[in-house]
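Participant: Got a sequence here, can you build the structure:
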Amino acid sequence: MTKVAVFGANGQLGQTLQNQAHNQIESYEFFNKEEADITNRDQIHKIFSNNSFKYCINCAAYTNVDGAEQNKDIAFKINSEGVNNLSEICKKHNVILIHISTDYVFEGKATLPYKTTDKPNPINQYGKSKLDGECHVQKQLEKYYIIRTSWLYSPYGKNFVKTILSKVKEDIDLKITTEEEGTPTSCIDLSNFIISIIEKGDVPYGIYNFSAKGSTNWYLFAVEVARNVFPNNVSKISPTSSYKTLANRPKYSVLNLEKTELIYQNLKDWKESLKTVIQEIKKDAVL
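Facilitator: A predicted model of the protein is given here:
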């Protein structure tokens, strides 16, 4: 039986993977930060020494984009040093690493979707720390998948979709930026893609982009979220072009999916995926 280690089990992607993987033939073992901190090399080494994993999925990350500006050392410790630890240990134990990265490795000045071969140039500390992590993976390993994804949301944890639903339910007036264009990506879709790589077993190693199809901005994303649950409250959401944040953010971070579509034919439009996640949120929340 193929054994798979998943780090970052308490995050929204980790939780989604737990839900999506429970019916799989492969044996998945999930580790939260308390059980396995990727910045603790000895702890991770012990886990690998006591198991015979074939794959390691790294969902562990520092993802607070504004927080990374003030806590640069923490962001780099987790997103760079921690990933280096995993890469070294995966190499030692001959384990295939599946590492989750971000559209924020790009500067956002493009006018066409970013290809995996385009040169990264992050404009904030979060993006820089994630790019550092990518470099460690590529330096240490030959057997790896780096998956760059964007604007993740899910039924779990804190994310944009759940925040908008909460605010709209409370009838709060919202101003949402139109400045950034990208693609909302469901953790359910991303989890299914990751699982498919493991199931196939012969997907060429390297960097892949993964998102839903299409693109939007945060304002139109928020409107679509509200329309699905509180259509009468959509007018509470208004667009703004000036929204100050601590970290610079790429104005355009749409990802080119041509390489991904060669190995995976189940990509969905972002609006379709949003409906699926909202249905799951509805099961667990009074909306």
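Participant: Only C-alpha atoms from now on, for both contacts and neighbour counts.
Facilitator: OK.
Participant: What confidence value was assigned to the residue in the chain sticking out farthest from the centre?
Facilitator: Taking Cα atoms, centre = their mean, the residue of the chain most remote from its mean C-alpha position is residue 232, at 31.1 Å. We have a pLDDT of 89 for residue 232.
Participant: what are the phi and psi angles of it?
Facilitator: Main-chain dihedrals, residue 232, degrees, to the nearest 10: phi -80, psi -10.
Participant: Helices of the stretch 1-150 of the chain, residue ranges please.
Facilitator: Using DSSP state H, counting those that start in this stretch, the helices found in the stretch 1-150 of the chain span residues 12-21, 41-49, 65-70, 72-76, 83-92, 125-140.
Participant: And the strands in this structure, which stretches?
Facilitator: Under the criterion DSSP state E, the chain contains strands at 3-7, 27-31, 55-58, 96-102, 144-149, 152-153, 174-177, 181-182, 185-186, 206-210, 216-217, 237-240.
Participant: outside of stretch 175-184, which residues touch it?
Facilitator: Outside stretch 175-184, the residues that touch it by Cα atoms under 8 Å, 6 or more residues apart in numbering are 150-153, 211-222, 237-243, 249-255, 270.
Participant: taking these one by one, which sit in helices?
Facilitator: Of the contacts of stretch 175-184, the ones assigned to helices by DSSP state H are 218-222, 270.
Participant: In JSON lines, list those residues along with pLDDT, distance to residue 129 and neighbour count.
Facilitator: Formatted as JSON lines, these follow (pLDDT from 0 to 100; distance: Cα to Cα, whole Å; neighbours: other Cα atoms under 10 Å):
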{"residue": "218", "pLDDT": "97", "distance to residue 129": "24", "neighbour count": "20"}
{"residue": "219", "pLDDT": "97", "distance to residue 129": "27", "neighbour count": "22"}
{"residue": "220", "pLDDT": "98", "distance to residue 129": "29", "neighbour count": "18"}
{"residue": "221", "pLDDT": "98", "distance to residue 129": "27", "neighbour count": "23"}
{"residue": "222", "pLDDT": "97", "distance to residue 129": "28", "neighbour count": "24"}
{"residue": "270", "pLDDT": "98", "distance to residue 129": "27", "neighbour count": "20"}
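Participant: Looking at the residues you listed, which two lie furthest apart in space?
Facilitator: 219 and 270 (14.4 Å; Cα to Cα).
Participant: okay, now residue 33: neighbour count?
Facilitator: By other Cα atoms under 10 Å, the residues close to residue 33 number 14.
Participant: pretty sure it is in contact with residue 8, am I right?
Facilitator: Yes: counting by Cα atoms under 8 Å, residue 33 touches residue 8, with 6.2 Å between them.
Participant: what sits in contact with each of the two?
Facilitator: Common contact partners of residue 33 and residue 8 (Cα under 8 Å, 6+ apart): residue 60.
Participant: wait, doesn't residue 38 sit right on residue 78?
Facilitator: Yes: using Cα under 8 Å, residue 38 makes contact with residue 78 at a distance of 7.1 Å.
Participant: shared neighbours of the two, which are they?
Facilitator: The contact lists of residue 38 and residue 78 share residue 60, where a contact means Cα under 8 Å, 6+ apart.
Participant: Same drill for those two, tell me which one is more crowded.
Facilitator: Between residue 38 and residue 78, counted using other Cα under 10 Å, the more crowded position is residue 38 (26 against 23).
Participant: ok, and the closest non-adjacent residue to that one?
Facilitator: Nearest in space to residue 38, with sequence neighbours left out and distances taken as Cα to Cα, 6 or more residues apart in numbering, is residue 82 at 4.8 Å.
Participant: Same check on residue 247?
Facilitator: Among residues not flanking residue 247 along the chain, residue 66 sits closest, at 5.1 Å (Cα to Cα, 6+ apart).
Participant: and that neighbour, what does it touch?
Facilitator: Here residue 66 is in contact with 245-247 (Cα under 8 Å, 6+ apart).
Participant: Equivalent analysis for residue 29, please.
Facilitator: 3-6.
Participant: what does residue 157 give?
Facilitator: Each residue near residue 157 by Cα under 8 Å, 6+ apart is listed here: 11-12.
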